[in-house]
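**Q** Below: sequence and its predicted model.
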Amino acid sequence: MQNIKNKIKAIIINIKNIKPRNKNININSGITIIKDNINNNLVFKSIFILNFINTYVIKLMMITLKEIKDYIENSNNPLIFFDDDADGLSSFLLIRKFIDRGKGIPVKHNTLDESYLKAVDYYNPDLILVLDQHLISQDFVDKINTPIIWIDHHPIKLVKGVKHFNPLYFNKKPYPTSYWCYEIVKENLWIAMTGITGDWFLEHYKEFCEKYKDLANINLKEPPDVLFNTKLGLLSKLFTFVLTGKNEDVKKCINILIRINDPYEIIEKTTPRGKFIYRKFEKLNKEYEKILKDAIKNNITYKKILLYTYTSKNTSFTGVLANELIYKFPDKVVIVARDKDDGIMRLSIRSNYKGNIILPELINKAIFGLKGQSGGHDHACGGHIDKEDFKTFVDRLEHLLNK
Ligand SMILES: [Mn+2]
């Protein structure tokens, strides 16, 4: 108690120097953060103090897009971690092409955790950017002296020692990370659009259709229709697929993509490098189509859940497959699980993006006490769980859905 009182005192002393950065700061998400972190609501009787503390917490944590631009322009050797899907890769490519330096690493784990410290050691960056990753482990941050900037649109999580940009702080829609990176760089719309579409949004779509008439269809109004029926959608799929497989192959593809200047290099194979990327995609897509066919035929449906499990050691189609299955079976909750043969199941879970089944809270309940972890958006989550707990997890989820 005394400790908390002292903390408030210190905060109030600092308050004179604090001005909210933006009138639209989301007070509620800040309050949630405080409540989560200090389990003593008794102290916080006054909403007045609460708002000040909230402003303070946010002031400490958040960073504006303009400040991010300054940071990246002034860094010589940035290291960029990004989520290994179309939105993450697009975000990275936008920033990387804009500053023309820096190293990019796709994050395969659910959380940016301590296993990625090796890369930090090796590249010795002067700035670390984390893009589209829903969580950074505190242990990772605590072991690093380099400034860390986190651009993301997942539900806000408090990580100390990180400069955080999240549209939710500003009461803005959680547009994809590539949308915000495009706001910073204002170039390569096609890359931004590839990421935005991949996350089921259509911001900038009209503009894109005007510029690239043959890659999209202006009459399509729903994100999944664009994703599954246009060349732009194909690019999104391609951006995800080239991040799967052997590490060396992935690295090679990323390095080639950095040098590609327009989508036709890939779609129309107008350059050797574009052709290389497209061939790589075709090979993976063949494998994917096989699995998709099998998933449509051999999934297990109980009540509201559609479950499909497949085995693959090195290639992951889990996220894309879950997207396509929820598009085809919109009244189900889709669970795709990949058995990597190491005792851990990798999960992608989807619910109808227009429906009222909000996944994170259900999944949190279902996974409680089990050896697993999950996170994501209202209608799209990823995660992993021990194989021995998998059945319990699915049973619990099924039970919760039928409540
Ligand atoms: Mn995203």
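**A** Cool, got the structure.
**Q** And stretch 298-310, what's buried?
**A** Residues of stretch 298-310 classed as buried by neighbour count (16 or more other CB atoms under 10 Å): 299, 305, 306, 307, 308, 309, 310. Placement of C-beta: from N, CA and C, glycine included.
**Q** just checking, the fifth one is part of a helix?
**A** The one in question is residue 308. No. Per DSSP: H, G, I helix; E, B strand; the rest coil, residue 308 lies outside any helix segment and is strand.
**Q** Report the beta-bridge partners for it.
**A** Beta bridges link residue 308 to residue 336, judged by DSSP bridges.
**Q** so what's the closest residue in space to residue 253 that isn't next to it in sequence up against?
**A** Once flanking residues are discounted, residue 253 sits nearest to residue 242: 4.1 Å by CB to CB, 6 or more residues apart in numbering. Going by CB atoms under 8 Å, 6 or more residues apart in numbering, residue 242 touches 89, 250, 253, 254, 257, 277, 280, 281, 284.
**Q** Residue 372 now?
**A** Residues in contact with residue 372 (CB under 8 Å, 6+ apart) are 383, 384, 385, 386, 389, 393.
**Q** Go through these and name the one nearest residue 61.
**A** Set against residue 61, the nearest of the contacts of residue 372 by CB to CB is residue 383 (24.7 Å).
**Q** Per-residue pLDDT of the closest one, please?
**A** Per-residue pLDDT puts residue 383 at 95.
**Q** cool, residue 386 as well?
**A** You'll see residue 386 listed with a pLDDT of 97.
**Q** What degree of burial does it show, as a neighbour count?
**A** 14 (other CB atoms under 10 Å).
**Q** who does it bridge with?
**A** Taking DSSP bridges as the rule, residue 386 bridges to residue 344.
**Q** Just the buried residues of the contacts of residue 372.
**A** Among these, those classed as buried by 16+ other CB under 10 Å are 383, 384, 385, 389, 393.
**Q** show me the contacts for residue 326.
**A** Going by CB under 8 Å, 6+ apart, residue 326 touches 332, 334, 350, 351, 352, 353.
**Q** How about the contacts made by the fourth one?
**A** It refers to residue 351. Per CB under 8 Å, 6+ apart, neighbours of residue 351: 326, 333, 334, 357, 358, 359, 378, 379.
**Q** Quick check: nearest residue in space to it, chain neighbours excluded?
**A** In space, residue 351 is closest to residue 357, 3.9 Å off (CB to CB, 6+ apart).
**Q** Report the closest residue of the protein relative to the ion.
**A** With CB to the ion, the shortest gap between the chain and the ion falls at residue 87, namely 3.5 Å.
**Q** Help me confirm that that residue comes into contact with residue 199.
**A** Yes. Counting by CB atoms under 8 Å, residue 199 is a contact partner of residue 87 at 4.5 Å.
**Q** shouldn't residue 375 be in contact with residue 134?
**A** Yes. Residue 375 is within contact range of residue 134, at 4.5 Å (criterion: CB under 8 Å).
**Q** shared neighbours of those two, anything?
**A** Counting by CB under 8 Å, 6+ apart, the common neighbours of residue 375 and residue 134 are 110, 111, 154.
**Q** Which of those ranks first by neighbour count?
**A** Using other CB under 10 Å as the neighbour test, those are led by residue 110, with 21 neighbours.
**Q** and that residue, what are its phi and psi?
**A** phi -60, psi -40 (degrees, to the nearest 10).
**Q** so what's the spatially closest residue to it that is not a sequence neighbour up against?
**A** Nearest non-adjacent residue to residue 110, counting by CB to CB, 6+ apart: residue 373, 5.5 Å away. Counting by CB under 8 Å, 6+ apart, residue 373 touches 110, 111, 367, 383, 384, 385.
**Q** Same question for residue 129.
**A** Going by CB under 8 Å, 6+ apart, residue 129 touches 72, 78, 79, 80, 81, 95, 102, 148, 149, 150, 151.
**Q** Now the buried members of those.
**A** Listed as buried from these are 72, 78, 79, 80, 81, 95, 102, 148, 149, 150, 151; burial here means 16+ other CB under 10 Å.
**Q** for stretch 351-360, which positions count as buried?
**A** Using 16+ other CB under 10 Å as the test for burial, stretch 351-360 gives 351, 352, 353, 359, 360.
**Q** So of these, which two are at opposite extremes in space?
**A** 352 and 360, at 15.1 Å, using CB to CB across the buried residues of stretch 351-360.
**Q** Do you have the helices of the stretch 201-350 of the chain handy? List them.
**A** Using DSSP state H, counting those that start in this stretch, the helices of the stretch 201-350 of the chain run over 205-211, 223-229, 231-241, 247-259, 263-267, 272-298, 318-328.
**Q** in the longest one, what counts as buried?
**A** This points to helix 272-298. 273-274, 276-278, 280-281, 284-285, 288, 291-292, 295.
**Q** could you redo these as a markdown table and give each row distance to the ion?
**A** Below are the buried residues of helix 272-298 laid out as a markdown table (distance: CB to the ion, whole Å):
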| residue | distance to the ion |
| --- | --- |
| 273 | 26 |
| 274 | 25 |
| 276 | 26 |
| 277 | 21 |
| 278 | 24 |
| 280 | 23 |
| 281 | 20 |
| 284 | 21 |
| 285 | 22 |
| 288 | 20 |
| 291 | 23 |
| 292 | 22 |
| 295 | 23 |
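**Q** Could you dump the residues you listed into TSV with pLDDT added?
**A** TSV is the format used below for those (pLDDT from 0 to 100):
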residue	pLDDT
273	98
274	98
276	98
277	98
278	98
280	97
281	97
284	96
285	97
288	96
291	96
292	97
295	97
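**Q** Which member of those residues is positioned nearest residue 224?
**A** If you rank the buried residues of helix 272-298 by distance to residue 224 using CB to CB, residue 292 comes first, at 14.8 Å.
**Q** quick one, what contacts the closest residue to residue 241 other than its chain neighbours?
**A** Computed as CB to CB, 6+ apart, the closest residue to residue 241 that is not its neighbour in sequence is residue 284, at 4.4 Å. Residues near residue 284 by CB under 8 Å, 6+ apart: 241, 242, 244, 245, 315.
**Q** Read off the pLDDT value for the second one.
**A** At residue 242, the pLDDT value in this model is 96.
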